[in-house]
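In: can you look at this prediction? I've put the sequence above it.
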Protein chains: 2
Amino acid sequence: MDVKNRITLAEVAVAAGVSKMTASRALRGAGDVSRSNIDKVRQAARDMGYVGNHLASSLSGQRSSLIGVVVPSMANVVFAEVLAGIADGIEGSGLQPVFGVTDYDLEKEYEVIRNMLSWSPAGLIVTGLDQSHDARRLLENANIPVVQVMDMDGVPVDACVGFSHHAAGAAMAEALLALGRRKFGYVGCGLYADFRAKKRLEGFSEALTRAGLSFVITRISEGFSTVKGGRELTSQIVGANPDLDCIYYSNDDLAAGGAFHCISAGLSVPDELILTGFNGLEFVKSLPVSIATSLTPRREIGQAAARIVLDSARGDQAEPPARIEFQPKIDLGV
Amino acid sequence: MDVKNRITLAEVAVAAGVSKMTASRALRGAGDVSRSNIDKVRQAARDMGYVGNHLASSLSGQRSSLIGVVVPSMANVVFAEVLAGIADGIEGSGLQPVFGVTDYDLEKEYEVIRNMLSWSPAGLIVTGLDQSHDARRLLENANIPVVQVMDMDGVPVDACVGFSHHAAGAAMAEALLALGRRKFGYVGCGLYADFRAKKRLEGFSEALTRAGLSFVITRISEGFSTVKGGRELTSQIVGANPDLDCIYYSNDDLAAGGAFHCISAGLSVPDELILTGFNGLEFVKSLPVSIATSLTPRREIGQAAARIVLDSARGDQAEPPARIEFQPKIDLGV
DNA sequence: CTGAAAGCGCTAACAC
DNA sequence: GTGTTAGCGCTTTCAG
C-alpha cells in the first residue's frame, strides 16, 4: 500500500465490474447509483483495503478537505485547547486540520500562512487579529473562509471568534477596584510579541487611570510565560513593594507562580494581596489559595471557528462574515 | 487567489519566458537551470504572488510533504509539547504537520490513521505502541516511515522514540523504597484507555512486590486527569488511610492536586507524605511543596521523531528502523 | 541546460 | 443509472 502501487479507484472499479465513475459515486454517496452497484463497490473497496487518495480528489475537485490552523505556540495549553476545540468541531466532517506554529514571530506567521494556502485548504483559522501587512493581504486574497480567533480588538479579515482583551482587562480592573484594592502591581512577559496580553494590560491600565490610579510597579520579563517566572517576579516585586494589595498577571501560569511564592512566604492571599491571572485554566480552582482570573472559553472558540469554516464550505453564497463574541467571566476566586 | 483562478506555474513560466518545466526546476532548485533563468522565474513568481499548489505537486511527485501526527488528546500539555517538538523538528523542511485526535479511542484511532494515510503523507508519527489490530495492519502496509512515540514497552511497527513506562514506574518505586517509604497509595484515572499509565502502574507495583509490599490503597477515577480530581481523590484516600507515607499518581496534574490538598490540610510534604507524579511538567519545580516526578523529554521526543521521518524521506534505502530510547530522570524534589 | 509529452488518481461535465 | 471525455497543476520521463 505504498504511495506508489497502492490500490486505486480504478482497480476497485474493475473488481466491482463497474466504471471508475460509478465506483467514485458509490463510495462518496454522490449522484444516483443502483443499490446493487453501491454494495458491490463498497464490498470490493473493503476487501481490497482501498484507502482513497485525498490528494487526487482535492486536486480534481478544486477544493481540499484540509483546514489550516495557525497558532503562536503549541507549548501553551491555551492554544492546545483551541486546537482541541477545532478537532471537536470538525469531527465527522472529513476535514483534516493542518497546523502551523509561529512562535509569536510575524515573519514566520507569514510563511506559515503562505504554506497553508498552498494546500488549497477549505478554510483557515488564525490566532489573533494582528498579522503583518503581507500576511493580511494573503488572507484577504485567499478567497476561502478565514476565521481569526481569540481576539476581537481590531478589524478581522473575514470571520472572527473570540473576545475583547482590552475589555477583559478593564473589567477585571474595575472588579478589583470595587473590592477596594488600590496598590496594583503588574507582572507579565514577552509583551513585545503577545499582542493580546498587551491589550489586556492596556485595558486594565486605562481603567486604573479612570479611577485616578496607576500601577505602582510593572515587571515584564523576556521569554515565555512560566510558573517559575511568575514565582520569581512576584518575589521581586513584593520584596520591593510590601504594600501592594493586588497583582495583575498576564496569565494564570504566572499568577500560579505568584500564589506559590505567597504560600511559601506566608503572605495571606487574597486578604493582604489579591493575585489575578487570566484564562481560568483548569488548575486555578484547585490552588490552595484562591486567585482571581477571567474565564475564557478556548475550546468553544475552537469549535465555533471550525463550524464557521464548515458552514461556509457548504453554503455557496457568501454570507456576511460571522462575528462571535464571547464574554470572559470574571472569577474573583472567593 | 481562489482555489480556482489563482496563479499557476504555467502563468509564471509564460511571464518569465520559459517552459513550465524550467520554471518548476528554477523554483525548486532542482536540476540544472541557468542563473539568468532562475532569476527571471523567481522574480516573476514573486511579482505575481505565485503560491504553488502542494496538492498538485504531491500528486504528481507521488509523495506529499504532509506529515501525519496522531495523539490521544490535545487538552493534555504532554501531547501538545510533543507536537511542539515535531514542529521544531520539521522547521525549514517544507513538511506540514496534519494532526488527528483519538480521544484514547481505538476505533477513532483507526479512522484517524486511515484518514491520514489517504493524504499519502511523507510519514506518520503515532502516539503509543498499542493500536488495534486493524490500525496496526494499516501502519505496517503503509510503506512510509512510521514512528511510534512516547512508549517503548512493546513491538513497534517501524521506528520508535520514547521510553519505557514500565521501567519508569519500577525505577520510581525503587527510589521511594530507598527513601524508606513503606505505605503506598496510588491515585490514577482513566486507565481503561491510557495504556502508558497502566504500564507505569504495573512497573511500580511489581517493584513493590519484589520488596514484599503492595499498595495500601489504589483509587482510580473515571474521566480525565485533572488537578481538581487529584485533590479530591487525595483528600479521600488520605482521610481513609492516615498512615500513608507515599502516594504515586499517574501524572503531575493529579499530584499537584494532591499537593494542594496537603497544603490546605496542613499535611507536611514530603516529610510525612511523599507525593509522586509523572512527566516533570514545568510547574512542578515551583510548587510550594516539593513533589517527586519523572522527567520525560516530550519535546525532544517530538523532535527526534520528526527527524526520523525527514531522514527516511531523504534516504532511499531502507535503513534498520530507528529506535531511540530516552531515560526519564527521577526527580525526588528534595 | 531546456522542453514536450505523459501521466499522478480522482471528479466535473456531459453524453448515453 | 452509467460511462466517456477532459482536465485539476504539477513533476517525471525522455528527447534534444
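Out: Alright, I've got the coordinates. Residues are numbered from 1 along each chain as shown, chains lettered A, B, ... in the order given.
In: for the residue lying closest to A:Glu140 once chain neighbours are set aside, give its distance to chain B.
Out: Nearest non-adjacent residue to A:Glu140, counting by C-beta to C-beta, 6 or more residues apart in numbering or on different chains: A:Val157, 5.5 Å away. Glycine gets a C-beta too; all of them are placed from N, C-alpha and C. Using C-beta to the nearest C-beta, to the nearest Å, A:Val157 is found at 13 Å from chain B.
In: check contacts around A:Val157.
Out: By C-beta atoms under 8 Å, 6 or more residues apart in numbering or on different chains, the residues touching A:Val157 are A:136, A:139-140, A:146, A:148.
In: what's the most distant pair in the residues you listed?
Out: Farthest pair in the contacts of A:Val157 (C-beta to C-beta) is A:Glu140 and A:Gln148. Separation: 11.8 Å.
In: SS state for the residue nearest to A:Glu140?
Out: Recorded secondary structure, A:Val157: coil (DSSP: H, G, I helix; E, B strand; the rest coil).
In: ChimeraX command for the buried members of the contacts of A:Val157?
Out: Here is the ChimeraX command that selects the buried residues among the contacts of A:Val157 (16 or more other C-beta atoms under 10 Å in any protein chain shown):
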select /A:136,139,146,148
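In: just send the contacts of A:Val157 back as a markdown table, with pLDDT, secondary structure and distance to B:Leu233 too.
Out: Listed next are the contacts of A:Val157 as a markdown table, based on pLDDT from 0 to 100; DSSP: H, G, I helix; E, B strand; the rest coil; distance: C-beta to C-beta, whole Å:
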| residue | pLDDT | secondary structure | distance to B:Leu233 |
| --- | --- | --- | --- |
| A:Arg136 | 96 | helix | 49 |
| A:Leu139 | 94 | helix | 47 |
| A:Glu140 | 92 | helix | 51 |
| A:Val146 | 96 | strand | 44 |
| A:Gln148 | 98 | strand | 40 |
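In: can you redo the contacts of A:Val157 as JSON lines with distance to DNA strand D?
Out: JSON lines is the format used below for the contacts of A:Val157 (distance: C-beta to the nearest atom of the strand, whole Å):
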{"residue": "A:Arg136", "distance to DNA strand D": "23"}
{"residue": "A:Leu139", "distance to DNA strand D": "20"}
{"residue": "A:Glu140", "distance to DNA strand D": "20"}
{"residue": "A:Val146", "distance to DNA strand D": "20"}
{"residue": "A:Gln148", "distance to DNA strand D": "27"}
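In: give me the mean pLDDT for stretch A:156-164.
Out: The average of the pLDDT scores along stretch A:156-164 is 97.
In: again, but for stretch A:115-134
Out: 95.
In: is that stretch positioned near chain B?
Out: Yes. Counting by C-beta under 8 Å from any C-beta of the partner chain, contacts between stretch A:115-134 and chain B involve A:115-120.
In: which of the residues you listed lies closest to B:Gln43?
Out: Of all these, A:Ser118 has the smallest distance to B:Gln43: 19.2 Å, by C-beta to C-beta.
In: ok, the closest one to A:Leu138 distance?
Out: Applying C-beta to C-beta, to the nearest Å, the value for A:Ser118 to A:Leu138 is 11 Å.
In: over to A:Tyr104?
Out: Distance check for A:Tyr104 against A:Leu138: by C-beta to C-beta, it reads 18 Å.
In: more neighbours: those two, which one.
Out: Regarding A:Tyr104 and A:Leu138, a neighbour count based on other C-beta atoms under 10 Å in any protein chain shown identifies A:Leu138 as having more, with 23 against 17.
In: pretty sure the more buried one is touching A:Leu117, no?
Out: Yes. The pair A:Leu138 / A:Leu117 is scored as a contact, 6.4 Å apart, by C-beta atoms under 8 Å.
In: mind checking how far the residue nearest to A:Glu140 is from B:Val51?
Out: Distance from A:Val157 to B:Val51, by C-beta to C-beta: 17 Å.
In: ok, which stretches of the stretch 51-200 of chain A are strands?
Out: Counting by DSSP state E, counting those that start in this stretch, the stretch 51-200 of chain A has strands at residues A:66-71, A:96-101, A:123-127, A:146-149, A:159-162, A:184-189.
In: what's the closest non-adjacent residue to A:Glu300?
Out: A:Gly85 (6.3 Å).
In: now A:Ala142. Its backbone dihedrals?
Out: Dihedral pair for A:Ala142: phi -70, psi -30, per degrees, to the nearest 10.
In: over to A:Ser294?
Out: Backbone torsions of A:Ser294, given as degrees, to the nearest 10, read phi -110, psi 120.
In: so who does it touch?
Out: Per C-beta under 8 Å, 6+ apart, neighbours of A:Ser294: A:168, A:171-172, A:277-280, A:328-331.
In: in strands, which of those appear?
Out: Taking DSSP state E, the ones among these that sit in strands are A:329-331.
In: centre-most residue in chain A?
Out: A:Val82 (3.9 Å; C-alpha atoms, centre = their mean).
In: so it touches A:Glu300, yeah?
Out: No. The pair A:Val82 / A:Glu300 is not scored as a contact, 9.6 Å apart, by C-beta under 8 Å.
In: A:Glu109 contacts A:Val70, doesn't it?
Out: Yes. Using C-beta under 8 Å, A:Glu109 makes contact with A:Val70 at a distance of 6.6 Å.
In: got the residues of chain A near DNA strand D?
Out: Within reach of DNA strand D by C-beta under 7 Å from any atom of the strand, chain A has these residues: A:18-22, A:25, A:31-34, A:36-37, A:56, A:59-60, A:62.
In: pLDDT check: weakest of these?
Out: A:Gln62 (75).
In: now the residues of stretch A:115-134 next to chain B as CSV including neighbour count and distance to A:Arg231?
Out: Shown next, in CSV, are the residues of stretch A:115-134 next to chain B (neighbours: other C-beta atoms under 10 Å in any protein chain shown; distance: C-beta to C-beta, whole Å):
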residue, neighbour count, distance to A:Arg231
A:Asn115, 20, 38
A:Met116, 26, 37
A:Leu117, 24, 42
A:Ser118, 20, 43
A:Trp119, 26, 42
A:Ser120, 25, 47
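In: so which of those residues also contact DNA strand C?
Out: Applying C-beta under 7 Å from any atom of the strand to those, none is adjacent to DNA strand C.
In: just put these in JSON lines and tack on distance to A:Glu222.
Out: Formatted as JSON lines, these follow (distance: C-beta to C-beta, whole Å):
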{"residue": "A:Asn115", "distance to A:Glu222": "28"}
{"residue": "A:Met116", "distance to A:Glu222": "29"}
{"residue": "A:Leu117", "distance to A:Glu222": "32"}
{"residue": "A:Ser118", "distance to A:Glu222": "34"}
{"residue": "A:Trp119", "distance to A:Glu222": "35"}
{"residue": "A:Ser120", "distance to A:Glu222": "39"}
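In: any idea which of those residues is closest to B:Gly92?
Out: Nearest to B:Gly92 among the residues of stretch A:115-134 next to chain B, counting by C-beta to C-beta, is A:Asn115 at 11.4 Å.
In: that closest one is in contact with A:Gly100, isn't it?
Out: Yes. Under the criterion of C-beta under 8 Å, A:Asn115 makes contact with A:Gly100 at 6.6 Å.
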